[in-house]
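Novice: Sequence plus the predicted model coming up.
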Amino acid sequence: MNRNFLAGASAAELKTFLTQQGQPAFRAKQILDWICQKQVLDPEEMKNRPAPLRAALKEAFYAPSCRVAERAVSARDEVVKLRLELFDKESVELVVIPAGERLTLCLSTQVGCPVGCRFCASGVNGLVRNLKAGEIIEEFLTGCAEAGRKCDNIVFMGIGEGLMNFEELSRALDILTSPEYFNMSPRRITVSTSGFVPGILKLAALEKEFTLAISLHAPDDETRAGIIPDKVRYPIAEILRAADICRDRTGRLYTLEYTLLAGINDSVAQAEALGHLARAHRAKINLIPYNETDSVFKRPSREAIEAFERAAAATGATVTRRVERGAKSAAACGQLRVNAMKKESAQ
Ligand code: SAH
Ligand code: SF4
């Protein structure tokens, strides 16, 4: 049966369902209130709904479609990384990051990743499939439920290249920001990309104030070619041209993310070149010291990281360093999923 995801269902879709059930269409609003205001997705918990309607909802939709299969809790802070098992037994990860009064969720957009950056656990076996908008919304609801509060910020920095799943990602962005649904500010949502130019241009065309983050990782194309495979790698100049268009359309400055890899992209000269690029494009720099996985890459020493940060900042660019969080055993993006796949294939 071709079931939809209740989490991504539109009011129109719910109205059609209700009419088929012989129910008044105004109940669509009540169902959406349960999902968006009370953040309850399972019809069985929608206690003021008639029992036959709850059963019919459960029959017609995935509600929910996934379950938390694994939790990696950091002893140092309150960060929790969850592995979600999807309806087809595939997995993705999301990270729940509370900071004071605020809650940030790091969400995935695909199962696996077609880009396959050489340092990243997410792309190891390529792309398995795109997530549906409803599955992305379920990640969001799962993260809120885990933290027991509403979410303030979302970063699409989990598994996958979201801009290569643009249709479903943009539907999810719509649901998250629409006043009838979750009403989040687009400014509080960051879309990170390895530099997929057609996707950046599509995001720009939405003309909404989403925050764009470009995973640059190198100030020149030659170094970058050693990190990101050819198949989906665009020249830096083209990426930044597209990012500038996005900035000018949305009025939002973008960020250059830079995963620091020892001996590859961590020299002082590269830091200076990065700083100049950032200045020229009015972009901010966010340094991410590498979380080691099974790849050949190593994390630079603390001294090298600090020297890089100082040299980039000396150019006048704004430089931040990603706060190191998360359970050490699975800090790297995509690691829980890869570990689970290994366990499965060993059985
Ligand atoms: N595909 C998108 C978004 C997901 S990856 C992108 O590449 O931007 C989000 C960020 O996590 C990227 O900047 C990526 O470089 C970084 N990342 C992935 N694995 C990492 C690791 N093991 N250590 C440090 N950063 C990592
Ligand atoms: Fe994909 Fe991003 Fe990982 Fe590269 S860093 S493989 S684009 S998830």
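Specialist: Noted; the coordinates are in hand. Ligands and ions are numbered 1, 2, ... in the order given.

Novice: Could you list the contact residues of this protein toward ligand 2?
Specialist: 113, 115, 116, 117, 120, 122, 123, 159, 160, 161, 194, 215 (C-beta under 6 Å from any ligand atom). All C-beta atoms are positioned from the backbone trio N, CA, C, and that covers glycine.

Novice: So which of these are in helices?
Specialist: Among the residues of the chain next to ligand 2, DSSP state H puts none in helices.

Novice: and those, which are buried?
Specialist: Using 16 or more other C-beta atoms under 10 Å as the burial test, those include 113, 115, 116, 117, 120, 122, 123, 159, 160, 161, 194, 215 as buried.

Novice: hang on, the earlier thing: need the residues of the chain next to ligand 2 in TSV with distance to residue 231, can you?
Specialist: Listed next are those as TSV, based on distance: C-beta to C-beta, whole Å:
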residue	distance to residue 231
113	12
115	8
116	8
117	11
120	14
122	15
123	11
159	18
160	16
161	12
194	11
215	16
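
Novice: Of those residues, which is the nearest to residue 95?
Specialist: Residue 95 lies nearest to residue 159 out of the residues of the chain next to ligand 2, by C-beta to C-beta, at 10.7 Å.

Novice: Now do the same contact list for the closest one.
Specialist: By C-beta atoms under 8 Å, 6 or more residues apart in numbering, the contact list for residue 159 reads 92, 93, 108, 109, 110, 111, 112, 113, 122, 333, 334, 337.

Novice: Adding distance to ligand 1, write the buried ones among the residues of the chain next to ligand 2 out as CSV.
Specialist: As requested, these are exported to CSV (distance: C-beta to the nearest ligand atom, whole Å):
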residue, distance to ligand 1
113, 6
115, 6
116, 10
117, 6
120, 4
122, 7
123, 8
159, 7
160, 6
161, 4
194, 4
215, 4
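
Novice: Please name whichever of those scores lowest on pLDDT.
Specialist: Here the lowest pLDDT out of these sits on residue 123, with 86.

Novice: Show me the shaky parts of this structure.
Specialist: 1-2, 323-333, 344-347 (pLDDT under 70).

Novice: circling back to that earlier point, so which of the buried ones among the residues of the chain next to ligand 2 belong to strands?
Specialist: residue 215 (DSSP state E).

Novice: Out of the buried ones among the residues of the chain next to ligand 2, which comes closest to residue 178?
Specialist: Distances from residue 178 to these, taken as C-beta to C-beta, are shortest for residue 160 (22.7 Å).
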